[in-house]
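Enquirer: Sharing a model prediction with you, sequence too.
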Amino acid sequence: MSTNEIEAKVRELRQLQNLIEEAQAEADAIRDAIKAHMGDSEELRAGEYKITWRAVTSARIDTTALRQAMPDVARAFTRETTTRRFCVA
């Protein structure tokens, strides 16, 4: 691919990313409006749609505290992964 072709592709990519961000912001605003309407309700029916907004509890390991309290254990169970990050600046 030539430099001009790559530049055109990057320009197109940025335009598409902007559209995605705009659509995501609009979707978030709609989601927030529905949540505001629901108030403390966990479930709402609207025609064919069933909307739920429930509290979810999860348990996670505090890795910072584990590293401080038991560094050998934390080191033994730490797994490194390598990924490639794509970035256009």
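Expert: Thanks, I have it. Bear in mind the structure is a predicted one, so any value in this text is a computation, not a measurement.

Enquirer: show me the contacts for residue 88.
Expert: For residue 88, the set of contacting residues under the criterion of C-beta atoms under 8 Å, 6 or more residues apart in numbering consists of 10, 13-14. Yep, even glycine has a C-beta here, placed from its N, CA and C like the rest.

Enquirer: Apply 10 Å and report the result again.
Expert: Contact partners of residue 88, counting by C-beta atoms under 10 Å, 6 or more residues apart in numbering, are 9-10, 13-14, 17.

Enquirer: Looks to me like it is in a strand.
Expert: No. Going by DSSP: H, G, I helix; E, B strand; the rest coil, the assignment for residue 88 is coil, not a strand.

Enquirer: which stretches of this structure have low pLDDT?
Expert: Low-confidence regions of the chain, defined by pLDDT under 70, are absent; no residue qualifies.

Enquirer: What's the first helix or strand after the longest helix that it contains?
Expert: Ranked by residue count under DSSP state H, the longest helix found in the chain is helix 3-38. Taking DSSP states H and E as the definition, the helix or strand that follows helix 3-38 towards the C-terminus is strand 43-46.

Enquirer: List the contacts of that following strand.
Expert: 34-35, 37-38, 50-54.

Enquirer: for stretch 52-64, same thing?
Expert: Outside of stretch 52-64, the residues that reach it under the criterion C-beta under 10 Å, 6+ apart are 31, 34-35, 38-44, 68-69, 74, 77-78.
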